[in-house]
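*Asks:* any chance you can model this:
(one chain, ligands or ions: 3)
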Amino acid sequence: MTQSLTPNLDRVAGPADLRSMDDATLTKVANEVRYEVISAVSQTGGHLGSSLGVVELAVAIHAVFNTPMDKLIWDVGHQCYPHKILTGRRDRMKTLRQKDGLSGFTKRSESEYDPFGAAHSSTSISAALGFAVGRDMGRPTGDAIAVIGDGSISAGMAYEAMNNAGHDGRRLFVILNDNEMSIAPPVGAMSSYLSRMYANDPLAKMKSLAEGFEAALPAPMRESAKRARQLVTGNLQGSGTLFEELGFEYIGPINGHDMSQLLPVLRAARARATGPVLIHCCTVKGKGYAHAENSADKYHGVSKFDVASGAQAKSKPNAPSYTKVFGDALTDEAARDPNIVGVTAAMPGGTGIDILAKRFPSRVFDVGIAEQHAVTFSAAMAASGLKPFCAIYSTFLQRGYDQVVHDVALQNLPVRFAIDRAGLVGADGATHAGAFDVGYLAALPNMTVMAAADEAELIHMVATAVAHDSGPIAFRYPRGSGNGVEMPERGQVLEIGKGRVLQEGTDVAFLSFGAHLAEVEAATRLLEKDGLSVTIADARFAKPLDIDLILRLARTHDALITVEQGARGGFGAMVLHELADRGALDRGLKIRTVTLPDRFIDQASPDEMYADAGMTRFDLYKMAVSLASKDGKIVPLSKGA
Ligand SMILES: Cc1ncc(C[n+]2csc(CCOP(=O)(O)OP(=O)(O)O)c2C)c(N)n1
Ligand SMILES: CC(=O)[C@@H](O)[C@H](O)COP(=O)(O)O
Ligand SMILES: [Mg+2]
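*Replies:* Residues are numbered from 1 along each chain as shown. Ligands and ions are numbered 1, 2, ... in the order given. Just a heads-up that it's a prediction; the model follows:
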């Protein structure tokens, strides 16, 4: 029988097994967990760098605290792979981020060790405080421990939570996982502050501890720890770090990969904390895997890869990504218009704003994980006469919605929202679905809402957004590659509120909004084989709607089907409002609105997810046939069905 490469990890069925192990064995377990993470993610892809950075933390926390009674909450949750391996899901790691497999984030329904779901950042401290209150009011809950990264702690919501927790004074633990990285290198004053806390400290190797816990330390560490803490806090009067000023006991910075520091510090903190405690751990994103550590993005999000070479499997799309098309188009427009600026909330690469930044660095603003701020910041730039392109994924723009309403739409300021990852996104699952932006934006007065049917349309929409100065405008497009359509030299400015007809028919009309047009066209080919005559129209705008087009389609067809990559309450709803209010439904038009279903859809490939949503070409075909049939026979409507 071959010798196991993970003999110590093999003895861990769950965290309780860790609590019976000595520190040396725990260190071995950590090394074996790291090996397991690299091996698993090389076959599934995923958030490798962040997970490698918290291997020791995950082992130590589960070894010291009494999970699942103690609630361990991972901020964002993208770094949860070691946690999942240690909490009974090791055998399912190969299903990570796949249909019917493990979620790539923590998820309540997946395990009792996941007390709170995540994926959107900066929620963990709020959740920890909620559990702490539950405990203190008699609910069956132990300690609450939030593990939050240096990127995530820079978001407003984290301050709201620390402000409340520090004032409330309840016992809870915040472990700051400081690896000096967000997805890109971190930005902002908090990042600089954290770096100052250990960059020049000659005792950085020392593990400085808050006075309250020095007594628990082995004698040799006690005195020097006290002095190190005073040095770290910037003066010998011992006044607090930012966190202490907020009411937290501060411990750190300590080496988040050194079990001989982590374990005594966590044990001391657990033994003595009477209020909120922040333990500052310095870690390395991608720790222990050279290809990750040496990569600019620390292998934040990787596809499958070869462990030996680190080479990632590259998909060979036949078309550029929507993200790149957007970044290139915006940069071209910016070369002609000096008022164009780009804004991203910590996602320069993901949004394509990094392309603009390469050409015009002084006109790009990465505000950190701060979508609320990004929107209002953009609103004021628009009020000053600039042309801000606020590029935020559909799902993350949800974080700044009140700012869109209150600071942009209500003041009718010409902010341009570039909404990437519209529709279903695949492996990131339900938390990242760009499902709701059409509904939440088209409901707003003054707002213009567009959706690109393909990458060529996206270029036109960027040009249209540049030219549109009379109020806010949003354009949405999906994650991934375009359709390989012919690309225009330069974007043409579209007429606001005007759609386009791709083909005229008589039996059934598809009114498509956005990138599901390709599926509509495929369904049409099937319908035409059955002798049906089909109209295909691309609405281009959910607001303002092309009323003339919609009324004409309703008048000249017995069946009208709207299609969108979004939830109910979006484009189809807008069409229904207009048709109903104008009496166009009174003569009995057969109309159906194809949207995402009223439920969340778990991770899979986008095609699998759209199949789950009932939005494939075959679903569309069946729907059209059902509308063009009589007594179960397909009777083309134009033939007097
Ligand atoms: C509200 C929100 N905005 C943006 C993101 C995208 N995002 C995921 S992880 C991440 C960086 C997190 O940095 P940090 O907290 O330092 O964790 P690390 O990856 O360094 O472990 C970002 C911006 C998100 N998940 N949620
Ligand atoms: C964890 C997180 O929120 C980001 O890393 C997100 O997964 C990025 O999504 P894309 O891969 O679509 O850029
Ligand atoms: Mg980080």
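*Asks:* C-alpha only now, for contacts and for neighbours.
*Replies:* OK.
*Asks:* residues in contact with the residue of the chain found nearest ligand 2?
*Replies:* Residue of the chain nearest ligand 2, by C-alpha to the nearest ligand atom: G350 (4.6 Å). For G350, the contacting residues are T323, by C-alpha atoms under 8 Å, 6 or more residues apart in numbering.
*Asks:* and the gap between it and ligand 3?
*Replies:* 16 Å (C-alpha to the ion, to the nearest Å).
*Asks:* which element follows the one helix or strand that residue maps to toward the C-terminus?
*Replies:* Using DSSP states H and E, G350 sits in helix 348-351. Where DSSP H and E defines the elements, the next helix or strand beyond helix 348-351 is helix 353-359.
*Asks:* for A611, give its distance to ligand 1.
*Replies:* Distance of A611 to ligand 1, computed by C-alpha to the nearest ligand atom, to the nearest Å: 26 Å.
*Asks:* ok, I601 next?
*Replies:* For I601, the distance to ligand 1 - C-alpha to the nearest ligand atom - is 18 Å.
*Asks:* sec struct for F365, please.
*Replies:* strand (DSSP: H, G, I helix; E, B strand; the rest coil).
*Asks:* can you get me a residue count around H373?
*Replies:* For H373, the count of nearby residues is 18 (other C-alpha atoms under 10 Å).
*Asks:* actually, L511.
*Replies:* Neighbours of L511 (other C-alpha under 10 Å): 29.
*Asks:* so it sits in a helix?
*Replies:* No: under three-state DSSP, L511 sits outside any helix and is assigned strand.
*Asks:* distance of it relative to D558?
*Replies:* Going from L511 to D558 by C-alpha to C-alpha, to the nearest Å gives 13 Å.
*Asks:* what does L526 give?
*Replies:* From L526 across to D558, the span is 19 Å (C-alpha to C-alpha).
*Asks:* A430 now?
*Replies:* Distance from A430 to D558, by C-alpha to C-alpha: 36 Å.
*Asks:* just W74 next, same as before
*Replies:* Taking C-alpha to C-alpha, one finds W74 at 53 Å from D558.
*Asks:* now do S481
*Replies:* On the measure of C-alpha to C-alpha, S481 and D558 end up 35 Å apart.
*Asks:* kindly report the same for V508.
*Replies:* For V508 relative to D558 (C-alpha to C-alpha), the value is 7 Å.
*Asks:* do the same with P414
*Replies:* In terms of C-alpha to C-alpha, P414 sits 39 Å off from D558.
*Asks:* so between these two, which is more surrounded?
*Replies:* Neighbour count, other C-alpha under 10 Å: between P414 and D558, P414 has more, with 31 against 21.
*Asks:* surely that one touches A380?
*Replies:* No: using C-alpha atoms under 8 Å, P414 is not in contact with A380, being 9.8 Å away.
*Asks:* residue contacts, the residue nearest the centre of the chain?
*Replies:* Centroid-nearest residue in the chain, with C-alpha atoms, centre = their mean: H432, separated by 4.9 Å. Taking C-alpha under 8 Å, 6+ apart, we find H432 in contact with A119, T395, F396, L424, V425.
*Asks:* does the last one count as helix, strand or coil?
*Replies:* At V425, secondary structure determined by three-state DSSP is coil.
*Asks:* show the model's pLDDT score for it.
*Replies:* For V425, the pLDDT comes out at 98.
*Asks:* that one against P606, yeah?
*Replies:* Yes: V425 is within contact range of P606, at 6.0 Å (criterion: C-alpha under 8 Å).
*Asks:* more crowded one of those two?
*Replies:* Taking other C-alpha under 10 Å, V425 and P606 do not tie; V425 has more neighbours (23 against 17).
*Asks:* what number of residues lie near N339?
*Replies:* 15.
*Asks:* one more: G53?
*Replies:* 27.
*Asks:* do Q565 as well
*Replies:* Count around Q565 with other C-alpha under 10 Å applied: 29.
*Asks:* for the nearest residue to P253 once chain neighbours are set aside, phi and psi?
*Replies:* Distance criterion C-alpha to C-alpha, 6 or more residues apart in numbering; nearest residue to P253, sequence neighbours excluded, is H280 at 4.8 Å. The phi/psi pair for H280 (degrees, to the nearest 10) reads phi -90, psi 110.
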